[in-house]
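Novice: give me coordinates for this.
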Amino acid sequence: MAISKQFTVYLEQQLGGAIGQHTRLQHVSAVSGGSINAAYCLHTSAGDYMMKRKNKSAYPNMFIREAEGLTAIKNTKTIAVPKVILLDNYEDDSFLVLEWIESMRPTPDASRLLGRQLAAMHSHTAKQFGFPQDNYMGSLIQSNSGKDTWADFFVKERLQPMVQIARDKNLLNKVDVGKFDSIYKNLPGLFNEEPPSLIHGDLWGGNYLISTVSKPYLIDPAVSYGHREFDIAMTKLFGGFGTDFYSSYQESFPLVQGWQQRVDLWNLYPLLLHLNLFGTGYLSQVKNAVMKYV
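Specialist: Prediction:
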């Protein structure tokens, strides 16, 4: 998505006001790695910034919700997130400008620090599972209505909405839906309830950064107060975070024994989301996971 001359002028004005100094946009380069938003690095006279851009009517308040999630994580004072610089609209689009984080591959020490800091974030609790606002998981709205148990929340606010979308798209059939009904009934006996933890909610390997000074950052949150095993499960969905991360997390805030057997259970939600967004390439993973818990 190209940035017009008129948008460039507007960006310079608004960004300058946000950081308190005159700013000239020198160059814009596309940033790869995301499938949801158009993303750019803004090279300016005041330094580099990250910008995301999305149609505001098709995805209302998407960046407001993202900024709220970043703020919720920041307020725990446990792990870094990019600073929100500017949140605004231009014509048919909304956009979010963030601090640019120069990143590097994770070292063992940085991975251990990430594990400790995530464990500390997970120690922040709430009275109910959920979040004050609904937000987004990818480009789909994520409902966060409060529930007293994780079992109730995971079924009603996570699985059932995604299963309904998949059924409406004919991606799941009546038999598939019946198997999910069995999971709903079995769920309370499959895990140990814990107090709600502040979770990132979309913690795959592309949603954290290690800065060039070995400082972990969380990005692109889909936050809620949930079961912390959910975050840990997602770290394993697309390759895992490495043994240093997991051993450090366990030393800081040990998971209940048998958590490894529940990884595929919690990952039903992101797998259903991928099925709904990207199609039948994820169907076999969903069905294989379902069969472990019916």
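Novice: ok, residue 289 touching residue 267?
Specialist: Yes - between residue 289 and residue 267 a contact is recorded at 6.5 Å, counting by Cβ atoms under 8 Å. In this view, the C-beta of every residue, glycine as well, is placed from N, C-alpha and C.
Novice: residues contacting residue 280?
Specialist: Residues in contact with residue 280 (Cβ atoms under 8 Å, 6 or more residues apart in numbering) are residue 171.
Novice: which outside residues touch the helix or strand harbouring residue 176?
Specialist: Assigned by DSSP states H and E, residue 176 belongs to helix 174-186. By Cβ under 8 Å, 6+ apart, the residues outside helix 174-186 that reach it are 155, 159-160, 163, 166-167, 172, 265, 268, 287, 290-291, 293-294.
Novice: off-centre distance for stretch 175-191?
Specialist: From the chain centre to the centre of stretch 175-191 is a distance of 25 Å (Cα atoms, centre = their mean, to the nearest Å).
Novice: list the buried residues for that stretch?
Specialist: 176, 179-180, 183-184, 187, 191 (16 or more other Cβ atoms under 10 Å).
Novice: out of those residues, who's nearest residue 12?
Specialist: Distance to residue 12, by Cβ to Cβ, is smallest for residue 180 among those, at 50.4 Å.
Novice: buried subset of the contacts of helix 174-186?
Specialist: By 16+ other Cβ under 10 Å, the contacts of helix 174-186 give 155, 159-160, 163, 166, 172, 265, 268, 290, 293 as buried.
Novice: re the thing from before, on the C-terminal side of the helix holding residue 176, identify the next helix or strand.
Specialist: Following helix 174-186 in sequence, per DSSP H and E, is strand 197-199.
Novice: among the contacts of helix 174-186, which pair sits farthest apart?
Specialist: 167 and 265 (20.0 Å).
Novice: quick one: contacts of stretch 18-30?
Specialist: With Cβ under 8 Å, 6+ apart as the test, stretch 18-30 has contacts from 3, 8, 11-12, 15-16, 38-46, 85-86, 97.
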